[in-house]
Each structure stands twice: as structure tokens, then as C-alpha cells.
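> Got a predicted model here, sequence first, then my questions.
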Amino acid sequence: MLVAPTKPKVLIIGAGLGGLTMAILLEKASIDYEIFERSAAPRALGSATSLTPNVLPLLEQLGLLEGLRQISKKVLGCGIYQEAPEGDLSKVGESNVSEYEAVCGYHSFIMARPDLHTLLLSHVPAHKVHFGKRVLSISQDDDHGVLIRTSDGKTHEGDILIGCDGAYSGVRQSLYKNLAAEGLLPASDGEDMKVCHMSILGTTEHVDPKQIPAVAEELSRCDAIIGYNKPHTWRYFAVPGDRICWRVDVQLDSKTFTHTDAFKNSEWGSEASGSIEDDWRAFRVPIGGTIGDLINLTPQESVSKVMLEEKLYTTWYHSRTVLMGDACHKMLPNAGRGAVNAMLDAVILANAIYEIADDATPENILAAFKGYYKERYAHAKTDLESSQFAARLLAGQSWTDAILRKVLFNFMPTSLQRKTYEKTLSYRPQASFLPKIPNRGTGPVVAQKESKRYEREQAKDA
Ligand SMILES: Cc1cc2nc3c(=O)[nH]c(=O)nc-3n(C[C@H](O)[C@H](O)[C@H](O)COP(=O)(O)OP(=O)(O)OC[C@H]3O[C@@H](n4cnc5c(N)ncnc54)[C@H](O)[C@@H]3O)c2cc1C
């Protein structure tokens, strides 16, 4: 293992949305790092991902905003529909987020998840990302460093290990096993995630407006569709290139699903579109046609299946290992907060590592992790709770959920809506080691701790 160097080398496990954002940040901070990803190559799986303004100043600061604009559509609102028993669709209400730009300087963006992944990956030097390397085990020592073993039989050493390897994180499992053996793991962290829904999803190829009636007009909009064919919910979003991201969720009955099933199915896996049940295909969509039409317009290899789980873990770090993204807070996707939180984790953790990178002693590394956890845990908890609420609001199937939907989408005063999103969107942290993007909106921004190291570096250069 390495002999306690002062400049740290960071090993990032997982080249997902969080891991790649972390890599871009460390690249800009001139901190040595490598990423290890188990997939042999980037995979074109997934449906829509939306990014809220919370991360947009950061992405602008990292030089990604223009690229993001090219692959996205602005989200101005979202129509919510329900299917009546005879199959007709009626509009339940609409959420309007067109004021985001005035309030904080940015709209939310929606895009196909593979496009976002490709954009992030294009900003990481190719020699830093090692595909086809599944991390099999980790070991760490306060004084000497971390060591990982990968599926190709090799070992790799570093000073800091970041586990951003998703909901079923092997880094978390390995860390927790050791902590449990030492009696240091809180009981709640040893419990399984709650598995709430199963989703089948995909992104169509270019859709000829003639193939689906009314598609040309509707492709400029972004709709969410709520169905009452219990226990299903289905939705679609238009993304650039005249493509449609679609998703069908089924609420799971915990009696029929075990956590072993969840483990088998959880990660993004491709699902033969031929195996999708007929009743899933029959759902009608407001652009005309059915979900089945969208499935038929989707290349079979890019239809995938994921489980939707939730859990907030309380142990995020120990010694030289730290978790981020879905590995420590898995949220339901209805509020579009998971990737946003993984990116927010990345910037706060990168800021903390930057601050100690000139003197990365074990004590300083631990202090950096503590600072990261202190800032991020409360935000992640709030967002996990809002995701739970959004799941009820958008996909809940009880009669009380239906009333909640009707009231909130039709009668919630605009002033209350504005107050709520002004507060949520005011948290827009940026990298502390790069020139800041000014507040471009009329709403407030939560003040951010300045970097003493960056101030010192700037003074030296002046
Ligand atoms: C249907 C759906 C819709 C969503 N929509 C949105 C949205 O609109 N907005 C939003 O903000 N969020 C959304 N999310 C959530 C978002 O996708 C996740 O929160 C986000 O991808 C988490 O990023 P991550 O880097 O933590 O994990 P991931 O993106 O899951 O990446 C983990 C990576 O680690 C790799 N890996 C795993 N194990 C190992 C190992 N042992 N060795 C090496 N590599 C490994 C995996 O292959 C993967 O590449 C959605 C999620 C789902 C399921």
C-alpha cells in the first residue's frame, strides 16, 4: 500500500452520473484520480432524466451547460392525466414550472439518460476511466491507504475511495460488513431497502410525426401521465431528435416480491421488449396511440427494467472510504432528485477534498468526509421525503392520493407554489475552487462556504 503521501490519489468506483461528475470536478481541481466501472462499455439504457436548477450553475461552471442545452428540452410544465374505466383520458391537472428561469436563472432540463451519460463521459479523459473492471473487494488502513481488487485479477491503490456504485453498492456492503463485525454499524443501516415499484422503460428512435397522431404538436411539450389501471402508472417525455422517453411503473405488493428478486432486477438491465405484457402495452397516451406503439418504436436492446427502491443510509464514510449518490441515499424517481443529489454530493465532496489536498493526512481526510456528511445528509433527507411525497402525488393509486392530486394540481395557490420552489431551488452549490457563476435569478441563493485554499492560491497568483 502507499506510504501516506500528502497529495491524495482518489479511486472512484462507478462511472454513473455521480461518479462522472466527481471525475470532472477532480480533473478541474488537478487532483489525481481513476474511475473503475464494471460495464464493459457505456450502455445506452434508460429513459428520461430531468435536471433541476440546483445543479445548473455547477454544470455551467464546469463548461457543460451548452452541451446540456443541445441534448435537452426545457421543462415548462407537466400535464397529469388519468384513464377512465372506458379507456378515455382526462386531464387531472398541470404543474407549471415556467417561472424557474426568472427565479433562479435556469429552467429545468429534460433529456434521455444515455445522452446525459455520454455528455459527462466526454468531459473525462479516456485514460482515466477503466471499463470492464468490477470492484470485487476493498481494504483500507487509516495510516497507509486503500486497496481494491478488480474482476480482471488486478489490484489498485489510492488514498481515498469514493463508492458511487449505485443502489446495491458493493463498496457500501463491504464497508458495512467490516463495521458490523466491529459493532460500529447502526441497526437501521443493516436493513434492506424498501422496494416500491418495478419499471420498464426506454427511449424511442426518431419518431415520424405521421406514425403517431398529433405527435408533432405534442413533441414540444413534456407530459406525465397517470393511469388508474391499478397497479400501473405510465408516462412519457419528449426529448430532442423527435424521440420519446417512456416508462411504465407497477406498484409492487411486498407479499409477492422478495429482496432477492429486487437484487436480481435492480440494476439497469435490458429487457426483451417482446416479453412486456399486453396489458402494459394497451395504455393510451395523450399524443395518440398507446404505450405499445412507443415500445414498438424503441430498439429492443434499449428497453430496460429497473426496480425503484428507497432508503437513506446514515453511515456515509469510515476511515478512507466515502459513499455518494444512490449508494447512500436511494430515492424514488418521481421528483427527479436522484441524479441531482448525486451531483450535489459530488460538488460538496470535491470541495472538501480540494481543501485538504495539500495535506491529505488521515485526520484531514476524515475531517473532509465529516464536513461533506454534515452538509449533505440533511438535504438528502429532505429530498428523499419530497420524492416520497411526489411518488404519492404522481403515482399513488388510493382514493386519498387521487384527491391530493386533484387539489394540489388545481387549487394550490401560485404564491404557495412559488414559495416552495424558491426554497428548494435556492440551494445551488458550486465548486469552491473555480470562478463562481453569479446569481442570474431574482430569488435567493443559499450562501456557500468559501475555500481558504482557493483564496491562498489566488493571492499567490496575483
Ligand atoms: C426510472 C428512473 C428515472 C429517474 N429519473 C431521474 C430524474 O429525472 N432526475 C434525477 O435527478 N434522477 C433520476 N433518477 C435517479 C438517478 O438515475 C440516480 O439517482 C443516479 O443515476 C444515481 O447516480 P449514481 O452515480 O449514484 O449511480 P448510478 O448512476 O446507478 O451509477 C452507478 C455505477 O456504478 C457501477 N457499478 C456498480 N457496481 C460496481 C462495481 N462493483 N464495480 C465497478 N462499478 C460498479 C454501475 O455499473 C454504474 O455505472 C431516476 C432513476 C430511475 C430508476
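Great, that's in hand. Numbers count the residues shown, from 1 in each chain.
> How far does stretch 281-291 stretch from one end to the other?
5 Å (Cα to Cα, to the nearest Å).
> Quick one: mean pLDDT over it.
The predicted model assigns stretch 281-291 a mean pLDDT of 73.
> swap in stretch 16-33?
The model assigns stretch 16-33 a mean pLDDT of 98.
> So is it next to the ligand?
Yes: judged by Cβ under 6 Å from any ligand atom, stretch 16-33 comes into contact with the ligand at Gly16, Leu17, Gly18, Gly19. From N, CA and C alone the C-beta is placed, and that goes for glycine too.
> Report the secondary structure element holding the last one.
With elements taken from DSSP states H and E, the one containing Gly19 is helix 17-28.
> what packs against that helix?
The helices and strands touching helix 17-28, judged by 3 or more Cβ pairs under 8 Å, 6 or more residues apart in numbering; DSSP states H and E, are strand 9-13, strand 32-36, helix 113-121, helix 338-356.
> Please identify which two of the residues of stretch 16-33 next to the ligand are farthest apart in space.
Greatest spacing in those, by Cβ to Cβ: Leu17 and Gly19 (7.6 Å).
> Name the residues contacting each of the two.
Common neighbours of Leu17 and Gly19, using Cβ atoms under 8 Å, 6 or more residues apart in numbering, are Gly325.
> before we move on, the earlier item: now that we have the residues of stretch 16-33 next to the ligand, which one has the most neighbours?
The most crowded member of the residues of stretch 16-33 next to the ligand, judged by other Cβ atoms under 10 Å, is Gly18 (30 neighbours).
> Quick check: that residue touching Met324?
Yes: judged on Cβ atoms under 8 Å, Gly18 makes contact with Met324 at a distance of 5.6 Å.
> Spit out the residues that contact those two alike.
Cys164, Ala342, Asp345, Ala346.
> Out of those, flag the one nearest to Asp401.
Ala342 (27.8 Å).
> isn't the closest one right next to Leu17, touching?
Yes: here Ala342 reaches Leu17: they are 5.5 Å apart, a contact under Cβ under 8 Å.
> overlap in contacts of those two?
Applying Cβ under 8 Å, 6+ apart, one finds that Ala342 and Leu17 are jointly contacted by Gly325.
> quick one, longest helix in the protein?
The longest helix of the chain (DSSP state H) is helix 362-395.
> how about it: buried residues?
Within helix 362-395, the residues scored as buried using 16 or more other Cβ atoms under 10 Å are 362, 364-366, 368-369, 371-373, 375-377, 379-380, 383-384, 386-395.
> and it with helix 338-356, angle?
Angle of helix 362-395 versus helix 338-356, following axes from the mean of the first three to the mean of the last three Cα atoms, to 10 degrees, is 170 degrees.
> For the following helix or strand past helix 362-395, list the C-alpha coordinates in PDB.
With elements assigned by DSSP H and E, the helix or strand that comes after helix 362-395 is helix 399-411. Output of helix 399-411 as PDB, limited to C-alpha atoms (Å, rounded to 0.1, in the frame of the first residue of the first chain):
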ATOM      1  CA  TRP A 399     -58.600   7.500  -3.400                       C
ATOM      2  CA  THR A 400     -56.900   9.800  -0.900                       C
ATOM      3  CA  ASP A 401     -53.900  10.100  -3.400                       C
ATOM      4  CA  ALA A 402     -56.400  10.900  -6.200                       C
ATOM      5  CA  ILE A 403     -57.900  13.700  -4.000                       C
ATOM      6  CA  LEU A 404     -54.500  15.000  -3.100                       C
ATOM      7  CA  ARG A 405     -53.600  15.100  -6.900                       C
ATOM      8  CA  LYS A 406     -56.800  16.900  -7.800                       C
ATOM      9  CA  VAL A 407     -56.400  19.500  -5.100                       C
ATOM     10  CA  LEU A 408     -52.700  20.200  -5.500                       C
ATOM     11  CA  PHE A 409     -52.700  20.400  -9.300                       C
ATOM     12  CA  ASN A 410     -55.800  22.600  -9.400                       C
ATOM     13  CA  PHE A 411     -56.200  24.600  -6.300                       C
END
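> Provide the contact partners of helix 399-411 at residue level.
Ile80, Gln82, Val92, Gly93, Glu94, Ser95, Ile226, Tyr228, Arg392, Leu393, Leu394, Gly396.
> so which of the shared contacts of Gly18 and Met324 also contact the ligand?
Cys164, Ala342.
> The shared contacts of Gly18 and Met324, buried ones only, as a ChimeraX selection?
To isolate the buried ones among the shared contacts of Gly18 and Met324 in ChimeraX, judged by 16+ other Cβ under 10 Å, type:
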select :164,342,345,346
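> List, one by one, the residues from the stretch 1-150 of the chain near the ligand.
Going by Cβ under 6 Å from any ligand atom, the residues of the stretch 1-150 of the chain near the ligand are 13-19, 36-39, 47-50, 134-135.
> What average pLDDT does stretch 244-261 get?
What stretch 244-261 shows for mean pLDDT is 66.
> now do stretch 339-348
Per-residue scores along stretch 339-348 average to 98.
> And that stretch, how far out from the chain middle?
8 Å (Cα atoms, centre = their mean, to the nearest Å).
> ok, and what's touching it?
16-18, 21-22, 25, 49, 51-52, 54-55, 58-59, 116, 164, 324-326, 328-329, 331, 372, 375-376, 379-380, 383, 427, 429-431.
> Equivalent analysis for stretch 175-193, please.
By Cβ under 8 Å, 6+ apart, stretch 175-193 touches 138, 163, 167, 259, 262, 309-311, 313-315, 318, 321, 323, 330.
> can you do 10 Å?
138-140, 161, 163, 167-169, 172, 258-259, 262-263, 266, 307-319, 321-323, 326-328, 330 (Cβ atoms under 10 Å, 6 or more residues apart in numbering).
> And the buried ones among these, selectable in ChimeraX?
Here is the ChimeraX command that selects the buried residues among the contacts of stretch 175-193 (16+ other Cβ under 10 Å):
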select :138,139,140,161,163,167,168,169,172,262,266,307,308,309,310,311,312,313,315,316,317,318,319,321,322,323,326,327,328,330
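> about what we covered before: need the max-distance pair from the contacts of helix 399-411.
Among the contacts of helix 399-411, Ser95 and Tyr228 lie farthest apart (Cβ to Cβ), at 18.9 Å.
> Hmm, Arg172 is touching Val135, no?
No: at 11.6 Å, Arg172 does not count as touching Val135 under the criterion of Cβ atoms under 10 Å.
> who touches both of these two?
Common neighbours of Arg172 and Val135 (Cβ under 10 Å, 6+ apart) are Gly163, Asp165.
> Chain neighbours aside, what residue packs nearest to Pro99?
One correction, residue 99 is Glu, not Pro. Arg418 (6.8 Å; Cβ to Cβ, 6 or more residues apart in numbering).
> can I assume the one you found is in contact with Cys104?
No: using Cβ under 10 Å, Arg418 makes no contact with Cys104, being 11.6 Å away.
> residues bridging contact with these two, i.e. touching both?
Gly443.
> higher neighbour count, the two?
Cys104 (26 against 13).
> I'd assumed Lys423 was in contact with that one.
No: when contacts are counted by Cβ under 10 Å, Cys104 is not listed as touching Lys423 (11.3 Å).
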